[in-house]
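Q: below is the sequence, then the predicted model.
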Amino acid sequence: MSNCKPKGYYFLRRVINFPPRGIGMKTVDKCVIQAEKKNPEMIEVLNFPEDMGSAEKQADSLTPFYGVIKKYNKLCQN
C-alpha cells in the first residue's frame, strides 16, 4: 500500500471541508459510522452517500470530493 492512500478518518476530518464544500461534521460522522459498519476504506464510503442516508446537498458535495481524492491518490501512486 502506498503511504499516500489514506485509510483513517483523521485525514477526512482535516480535508473534507477545506476549501468549504458544504460538508459538515454530521456528514463526516455518518461517513465514519458507515465505514465502521461495512469496513471499507474511508474514502470509499464517499462514493456512496445514499448508503449513509445523506441529504441531496451533502450527496452532491461528497461525490465530487471523492473524485478529487481518487485523482490525487492516483497521481501520488505514479
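A: Thanks, I have the structure now.
Q: run through this protein and note the low-pLDDT ranges.
A: Counting by pLDDT under 70, the chain shows low-confidence ranges at 1-9, 17, 39-40, 78.
Q: for it, what's the longest helix?
A: helix 56-77 (DSSP state H).
Q: for it, list the C-alpha coordinates in PDB.
A: The C-alpha coordinates for helix 56-77 follow below in PDB (Å, rounded to 0.1, in the frame of the first residue of the first chain):
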ATOM      1  CA  GLU A  56     -29.100  15.600  -1.500                       C
ATOM      2  CA  LYS A  57     -27.000  18.600  -0.800                       C
ATOM      3  CA  GLN A  58     -24.400  16.600   1.000                       C
ATOM      4  CA  ALA A  59     -24.500  13.800  -1.600                       C
ATOM      5  CA  ASP A  60     -23.900  16.400  -4.300                       C
ATOM      6  CA  SER A  61     -20.800  17.500  -2.400                       C
ATOM      7  CA  LEU A  62     -19.400  14.100  -1.400                       C
ATOM      8  CA  THR A  63     -19.300  12.600  -4.800                       C
ATOM      9  CA  PRO A  64     -17.100  15.300  -6.400                       C
ATOM     10  CA  PHE A  65     -14.900  15.300  -3.300                       C
ATOM     11  CA  TYR A  66     -14.500  11.500  -3.800                       C
ATOM     12  CA  GLY A  67     -13.400  12.200  -7.300                       C
ATOM     13  CA  VAL A  68     -10.800  14.700  -6.200                       C
ATOM     14  CA  ILE A  69      -9.400  12.300  -3.600                       C
ATOM     15  CA  LYS A  70      -9.200   9.500  -6.100                       C
ATOM     16  CA  LYS A  71      -7.500  11.700  -8.700                       C
ATOM     17  CA  TYR A  72      -4.800  12.900  -6.300                       C
ATOM     18  CA  ASN A  73      -4.300   9.400  -4.900                       C
ATOM     19  CA  LYS A  74      -3.700   8.100  -8.500                       C
ATOM     20  CA  LEU A  75      -1.200  10.900  -9.100                       C
ATOM     21  CA  CYS A  76       0.500  10.100  -5.800                       C
ATOM     22  CA  GLN A  77       1.000   6.500  -6.800                       C
END
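Q: now for it, which elements pack on it?
A: When contacts are defined as 3 or more C-beta pairs under 8 Å, 6 or more residues apart in numbering; DSSP states H and E, helix 56-77 packs onto helix 25-38, helix 42-45. From N, CA and C alone the C-beta is placed, and that goes for glycine too.
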